[in-house]
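K.L.:
Pasting the sequence and the predicted model now:
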Amino acid sequence: MAAAKVPVPLMRPARLRLCISGLCLVTGGCSLRGAPSFPVVGAYFPDWMVCGLVGVATAVGLRVLFLLTGLDALLSFRLFTYVALGVIAALTVWTLVFGP
């Protein structure tokens, strides 16, 4: 005769408490006032989207500039360089325009 299988609970209570505690810690910085946004032609856009677009535009613009000046051939890690330059531009805009 086969032994009867005992149903296994989906999550043990101790693990469930740990998961809930972790979620509370992770989302503790969230506020109830909503995302920071501003009106553009009647629609509200999040600030991070504008900063991301500025970062992408800066990285593309610097790539074109580096190609025209020949500086691109000297870069060893091109992808990481352009991503870092875009992130620096995005964070600078965030700090100067939307910061405290």
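P.N.:
Perfect, thanks for sending it.

K.L.:
Contacts for the helix ranked longest in the chain next, please.
P.N.:
Criterion DSSP state H: the longest helix present in the chain is helix 47-69. Around helix 47-69, the neighbours that count as contacts under C-beta atoms under 8 Å, 6 or more residues apart in numbering are 36-38, 71-72, 75, 82-83, 85-87, 89-91, 93-94, 97-98. Every C-beta, even on glycine, is put in place using the N, C-alpha and C of the backbone.

K.L.:
Generate a ChimeraX selection restricted to the buried subset of those residues.
P.N.:
To isolate the buried members of these in ChimeraX, using 16 or more other C-beta atoms under 10 Å:
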select :72,82,85,86,89,90,93,94
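
K.L.:
What does the pLDDT read for the closest residue in space to A89 that isn't next to it in sequence?
P.N.:
Leaving aside its chain neighbours, A89 sits nearest to T58 (3.7 Å; criterion: C-beta to C-beta, 6 or more residues apart in numbering). Looking at T58, its pLDDT is 96.

K.L.:
wait, is Y82 part of a strand?
P.N.:
No: assessed with DSSP: H, G, I helix; E, B strand; the rest coil, Y82 is helix; it does not lie in a strand.

K.L.:
Distance-wise, check it relative to L68.
P.N.:
15 Å (C-beta to C-beta, to the nearest Å).

K.L.:
Next: L62.
P.N.:
L62 is 11 Å from L68, by C-beta to C-beta.

K.L.:
Over to V54?
P.N.:
Relative to L68, and taking C-beta to C-beta, V54 is found at 21 Å.

K.L.:
Between these two, point out the one with more neighbours.
P.N.:
V54 (17 against 9; other C-beta atoms under 10 Å).

K.L.:
For the more buried one, which non-adjacent residue is closest in space?
P.N.:
V93 (4.8 Å).

K.L.:
So the one you found: helix, strand or coil?
P.N.:
helix.

K.L.:
per-residue confidence for it?
P.N.:
So V93 comes in at 91 (pLDDT).

K.L.:
what sits against it?
P.N.:
Counted by C-beta under 8 Å, 6+ apart, V93 has contacts 50-51, 54-55.
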